[in-house]
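Show me the folded form of this:
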Amino acid sequence: MRIAVLSDIHGNRHAFEAVLADAHREAVDEAWCLGDLVGYGAEPNACVRLARQHCAICLAGNHDLVVTGVMPMDDFSRNAAVAARWTQDEMDLDNIEFLRRLAPDGLEGDIGLFHASPRDPVWEYVLSSVLAARCLDVQEQRVALIGHTHVALSFSRMPGQAVDGQTRRGGDRIGIGGGQWLINPGSVGQPRDGDPRAAWLLLDTDAWTAEWRRVPYDIEGAAAVIVAAGLPSSLAERLQYGQ
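Numbers count the residues shown, from 1 in each chain. Have a look, this model is predicted:
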């Protein structure tokens, strides 16, 4: 099966639509979302509707959980909290109810799905080999998909070897048929790895390969909607730099 793995869309309709179009061109069988449909961007309803239409699996991210009131905003930065309160006021009731039904983790066949990590599906940022090793120690599945960091990367551990971690660029394609893996597709709506293009992962579970994809989209349009909504201008500006 060919799967489009998406994460951290953050209310960025322009990026989401570009990724879905790229996934369609790649003839994927399904799309899986690892959470944070809403967050920093100004089109949360449109993004939730797109996910409801196109994603066979959808997890809840920390921003989704805060917007639905499942979690408090205490651990959010000022800008994240401002965006979350704005999103709460903006969201349609049926889209809020959809988000409330989602969980931050799941299992599809023998693949673990986590918004953040196998140890903490909501909050842990897995950005180091040390943390990845701890996650691999506890995860029950050989392959786990994670999001939350907004950075495209992979961690692997082969039998008898230490954990190897790498950031991933668009076009990177690897075999994942052996060993243990933690794989992050990067962020659709707010990349933080220096590449402003929308990120997603093409996962082939027949060939056991993973390919990182980057897609240009209308960044100026996405930024203009943020500014027009009265959200912090820094949320619009950072889209241009992938930070």
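
For stretch 45-53, the averaged confidence score.
Summarised as a single mean, pLDDT over stretch 45-53 is 98.

buried ones in that stretch?
45-51 (16 or more other CB atoms under 10 Å). (C-beta placed from N, C-alpha, C; glycine too.)

how about these, which pair is most distant?
45 and 51 (10.9 Å; CB to CB).

Secondary structure added to the buried residues of stretch 45-53, as a markdown table?
Converted to a markdown table, those look like this (DSSP: H, G, I helix; E, B strand; the rest coil):
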| residue | secondary structure |
| --- | --- |
| 45 | helix |
| 46 | helix |
| 47 | helix |
| 48 | helix |
| 49 | helix |
| 50 | helix |
| 51 | helix |
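
now these in CSV, with distance to residue 208?
Formatted as CSV, the buried residues of stretch 45-53 follow (distance: CB to CB, whole Å):
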residue, distance to residue 208
45, 37
46, 34
47, 30
48, 32
49, 33
50, 28
51, 26
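
Relative to residue 100, which of the residues you listed is nearest.
Nearest to residue 100 out of the buried residues of stretch 45-53 is residue 48 (CB to CB; 11.5 Å).

Who are the contact partners of that closest one?
37-38, 91, 95, 98-99 (CB atoms under 8 Å, 6 or more residues apart in numbering).

Also residue 193?
150-152, 167, 186, 199, 242.

residue boundaries of the helices in this structure?
Applying DSSP state H to the chain gives helices spanning 13-25, 44-54, 62-67, 78-90, 93-100, 129-138, 219-228, 233-237.

What lies in contact with the fifth one?
Looking back up the chat, that one is helix 93-100. Under CB under 8 Å, 6+ apart, the answer for helix 93-100 is 37-38, 44-45, 48-49, 52, 60, 64, 67-68, 70.

quick one, which residue of the protein lies the farthest from its center?
Distance from the centre of the chain peaks at residue 160, with 30.6 Å (CA atoms, centre = their mean).

tell me the pLDDT at residue 109?
Reading off the model, residue 109 has pLDDT 89.

If we ignore the residues flanking it in sequence, what's nearest it?
Closest residue to residue 109 apart from its sequence neighbours, by CB to CB, 6 or more residues apart in numbering: residue 205 at 7.4 Å.

residue contacts, that neighbour?
1, 3, 109, 111.

okay, it: pLDDT?
Looking at residue 205, the pLDDT reads 97.

now swap in residue 74 and tell me
87.

Pull the contacting residues for it.
Contacts of residue 74 (CB under 8 Å, 6+ apart): none.

how much space between residue 222 and residue 82?
As judged by CB to CB, to the nearest Å, residue 222 and residue 82 stand 17 Å apart.

Comparing the two, which shows the higher neighbour count?
Neighbours were counted for residue 222 and for residue 82 using other CB atoms under 10 Å; residue 222 has more, 27 against 17.

The more buried one reaches residue 13, doesn't it?
Yes - under the criterion of CB atoms under 8 Å, residue 222 makes contact with residue 13 at 7.4 Å.

shared neighbours of those two, anything?
residue 41.
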